[in-house]
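# Using only what follows, build the 3D model:
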Amino acid sequence: DDAKREREGKTIEMDPDAVAKAFVEHYYTTFDSNRAGLVSLYQEGSMLTFEGQKIQGSQNIVAKLTSLPFQQCKHNITTVDCQPSGPAGGMLVFVSGNLQLAGEQHALKFSQMFHLVSNQGNYYVFNDIFRLNYA
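Prediction:
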């Protein structure tokens, strides 16, 4: 039955928007609760550009993120946009939102772009660009 096969085929193929949403939720929940836990989302070839500073490699990236001058924060995501990228099933994920630092009255607006690459069905962050957005 073609209709049945088509339905089954669709469940196997991951919906890019669903993958992006799940990734974003996991990334920011981990960032807000245990930044060191982000190490598994990067690889040695991964690069983070954080406010213009380029950092390469999973250990170096997590060292940068864990050394930020605040202990607690909460990301509130406003938008998540995604596009398929490249022949190997990668995707671009662009996030905007607010970053609330503990003890601060006003939230900071931020944008972040992830280039996710598929490695045997698991995604990792190949490129990560983060910017605070100033009015």
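# Sticking with Gln71, tell me its helix or strand.
In this structure, Gln71 sits in neither a helix nor a strand according to DSSP states H and E.
# got a list of what it touches?
Ala102 (CB atoms under 8 Å, 6 or more residues apart in numbering). (Each C-beta comes from the backbone N, C-alpha and C, glycine too.)
# Next, it: phi, psi?
phi -90, psi -40 (degrees, to the nearest 10).
# pLDDT at it, what is it?
In this model, Gln71 is scored at 86, pLDDT.
# try the one 3 residues further on
You'll see Lys74 listed with a pLDDT of 97.
# Which secondary structure elements does the helix ranked longest in the chain sit against?
In the chain, taking DSSP state H as the definition, the longest helix is helix 16-33. Contacts defined by 3 or more CB pairs under 8 Å, 6 or more residues apart in numbering; DSSP states H and E place helix 16-33 against strand 73-85, strand 90-101, strand 108-119.
# Figure out which of the ones you listed is closest to Asn133.
Proximity to Asn133 (CB to CB) singles out strand 108-119 among these, at 4.1 Å.
# Packing partners of that closest one?
So strand 108-119, by 3+ CB pairs under 8 Å, 6+ apart, packs with helix 16-33, strand 90-101, strand 122-133.
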